[in-house]
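> I need the structure of the sequence given here:
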Amino acid sequence: MTADEIDRFLAETFPQARGWTRITAIREEELDLTLPFSEENLRPGGTVSGPALMALADTAMYYLLLAKLGPVALAVTTSLHINFLRRPPAADVMATARLLKLGAKLAVGDVLIRTADGGAIVAHASVTYALPPAT
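I've put the predicted structure just below:
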């Protein structure tokens, strides 16, 4: 699926998952997703919050699965482990999701999160999704 196809699919089936991020690139096994700066995503101390980074990682992996597999509404997160490496500034952040293994029942990937200007990596997540049975 393309970025526009993913957006149309989400508008119909999962509207609450759209509009807060922006797909900036889709490659064969990777997807870049940007979280634009918002005061709502800051925690005390003026840094992007951990929950916002976790949601970004999870969303990036879901969108990558949609790009790779097509409209699979019932793919669900079964595991998400995140390491917070550096304090992200109050700025846009970008996630690069990479598919490591795509099986019949599970998809495993990782997500690197960095400042959108290409700065240092601020977090790394490992994400596993359960895939619905093929129909």
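
> wait, isn't residue 117 in contact with residue 91?
Yes: Residue 117 lies in contact with residue 91 (C-beta atoms under 8 Å); the separation is 7.3 Å. Where C-beta positions appear, they are placed from N, C-alpha and C, glycine not excepted.

> give me the common contacts of the two.
Common contact partners of residue 117 and residue 91 (C-beta atoms under 8 Å, 6 or more residues apart in numbering): none.

> okay, these two: which has more neighbours?
The neighbour count for residue 117 versus residue 91, taken as other C-beta atoms under 10 Å, is higher for residue 91 (14 against 10).

> which residues touch that one?
Counting by C-beta under 8 Å, 6+ apart, residue 91 has contacts 37, 48, 115-117.

> relative to residue 63, how far out is it?
21 Å (C-beta to C-beta, to the nearest Å).

> what does residue 121 give?
For residue 121, the distance to residue 63 (C-beta to C-beta) stands at 20 Å.

> of the contacts of residue 91, grab the buried ones for PyMOL.
Command for PyMOL that selects the buried part of the contacts of residue 91, burial taken from 16 or more other C-beta atoms under 10 Å:
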select buried, resi 48+115+116
